[in-house]
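fold the following and give me the result.
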Amino acid sequence: MKLTLTFTLLTSLVAVAFASVADTVNNIENIKTQILTLHNTVAALPDTGGSLLSAMSLHSGASNVVAATKKGIADFNGLPKPLSEADGDQILAAYQGVEPGISDVSSTIVAKRDTFRSVPLVGSLVNPVAQYYFITTRAFGSQLLDAFTAAGASDAQLDRAKSLKTFTEAAIDRAIAAYS
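Modelled structure (predicted):
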């Protein structure tokens, strides 16, 4: 009994400590899915007016993006190092697939600013809550790409990762500025 429990615990710890490239790519795809879901939720809002229910769905969507990004960071940090060129390319390709979603959701959130501010009961809380999510997402996005850098990527991959990081930060910075 003790041996079985010990083996089970060790197996679960090893599984958490060593993520595979496939796990990492799947989690990046999950980030992409969560961003798309958030974008669709924001885009479905009317141009004026809003409801508490819509505010809750936005909060949920933003929380899901943050959670998915945290998981992505954990997987990156669990990858065996250094990354092979092929593995690095596979991860970068997956992350590049997230780029359009980041741009779209940031633009849509900026366009719907007045809608968010008109939500009953929480309109005055929109700016600080929105900024929290923007700043948190920006930080985790940066950490995700920093983890890629720490994984021992090639110089060409590092240049692509830096470009992705700059793009991501600029898109989120536009949203932060709109809610400042």
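
output the contacting helices and strands for whichever strand or helix holds Asp104.
Secondary structure from DSSP states H and E places Asp104 in helix 99-111. Using 3 or more Cβ pairs under 8 Å, 6 or more residues apart in numbering; DSSP states H and E as the contact definition, the elements that helix 99-111 packs against are helix 21-43, helix 155-178. Using the backbone N, CA and C atoms, a C-beta is placed for each residue, glycine as well.

mean pLDDT for the ones you listed: which is lowest?
When the helices and strands packed on helix 99-111 are compared by mean pLDDT, helix 155-178 comes last with a mean of 88.

Ile135: how many residues sit nearby?
Close neighbours of Ile135, defined as other Cβ atoms under 10 Å, add up to 14.

in this structure it contacts Ile176, no?
Yes - Ile135 is within contact range of Ile176, at 6.7 Å (criterion: Cβ atoms under 8 Å).

excluding sequence neighbours, find me the nearest residue to the residue most central in space within the chain.
Centrality entry for the chain: nearest residue to the mean C-alpha point is Thr69, 3.8 Å, by Cα atoms, centre = their mean. In space, and not counting its chain neighbours, Thr69 is closest to Phe140: 4.1 Å by Cβ to Cβ, 6 or more residues apart in numbering.

list the buried residues for the helix or strand that contains the one you found?
Take DSSP H and E as the rule and Phe140 turns out to sit in helix 126-150. When burial is assessed from 16 or more other Cβ atoms under 10 Å, helix 126-150 yields the following buried residues: 126, 129-130, 133-134, 136-138, 140-141, 143-145, 147-148.

what of stretch 81-92?
83, 87-92.
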